[in-house]
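[1] Predicted model, plus sequence, below.
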Amino acid sequence: MNLSRLQADIEYRFSRPSLFEQALTHRSAGSPNNERLEFLGDSILNCVIATALFQRFADLREGDLSRLRANLVRQESLYRIASDLQLGNVLSLGEGELKSGGERRPSILADALEAVIGAVFLDGGFEAAQRVVLGLYRDQLEQIDLRQSGKDAKTSLQEWLQGRRLPLPSYELMKVRGEAHAQEFEVECRVSKPALVTIGIGPTRRVAEQSAAQRAIEELSSR
């Protein structure tokens, strides 16, 4: 697999490319795979994000910091970053996962991103992993609105529209993919004014709706 573009996107070049390849190998493709790297990356991600929030919001209480961190490191957030990186295009998957669209599955993409973080740590140390994480989360960290802390994306979008006396959004289930034990839901969020349509994907309809709403908030806030 050609990983040059992805290394450029995460702004890190591996001295041991085999670690990077392992991070992008799902267990369905055999061994060595990325399960152990995912475990390591999850811990590093939590540490880096917790430190960044602690330093950025000096007056915030522990409970509020925990909620912010949980929102940033949840599967939905990791999936969005992995999708932006087009991580699914370079994953090594077994035949069964390939047939069922595993390269688009939020859980697989989120786990792979954590594994990449773990691989960076083993290859270059904590500071290298910290730089990668902060680079990937730069926009999300800068866009944190403490007034919305603790609110889910659908609530935040509704309040944003209500505050401007605009029509509320509608959500429509577009597709359901995969087997019963590993389904993937695709939901459309439609805002009539200002005209906007976003797509969210998740392991449940609710998660997919939240993902679509979050994308809508981000697009509306950037206009």
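    Looks like it came in fine. Residues are numbered from 1 along each chain as shown.

[2] what's the lengthiest helix in the chain packed up against?
    When the chain is parsed with DSSP state H, its longest helix is helix 35-56. With contacts taken as 3 or more CB pairs under 8 Å, 6 or more residues apart in numbering; DSSP states H and E, helix 35-56 sits against helix 17-23, helix 62-73, helix 106-124, helix 126-136, helix 138-142. (Glycine included, C-beta is placed from N, CA and C.)

[3] let's see 7 Å
    When contacts are defined as 3 or more CB pairs under 7 Å, 6 or more residues apart in numbering; DSSP states H and E, helix 35-56 sits against helix 62-73, helix 106-124, helix 126-136.

[4] And the contacts of it?
    Helix 35-56 is touched from outside by 22-23, 27, 65, 68-69, 72-73, 111, 114-119, 121, 129-130, 133-134, 137, 141, with contacts defined as CB atoms under 7 Å, 6 or more residues apart in numbering.

[5] Hmm, Ser192 and Pro169 touching each other?
    No - at 8.2 Å, Pro169 and Ser192 do not qualify as touching, with contact defined as CB atoms under 7 Å.

[6] Comparing the two, which residue is more hemmed in?
    Shown here are Pro169 and Ser192; by other CB atoms under 10 Å, Pro169 has more neighbours (22 against 13).

[7] out of everything not next to it in sequence, what's closest to the more buried one?
    The shortest distance from Pro169 to any non-neighbouring residue, by CB to CB, 6 or more residues apart in numbering, is to Val191 (4.9 Å).

[8] What residues does the most centrally placed residue in the chain make contact with?
    The residue lying closest to the centre of the chain (CA atoms, centre = their mean) is Leu78, at 1.8 Å. Applying CB under 7 Å, 6+ apart, we find Leu78 in contact with Ala110, Leu113, Glu114.

[9] Please report the distance of it from Val187.
    Per CB to CB, to the nearest Å, Leu78 is found 18 Å from Val187.

[10] just Gly124 next, same as before
    Distance, Gly124 to Val187, using CB to CB: 38 Å.
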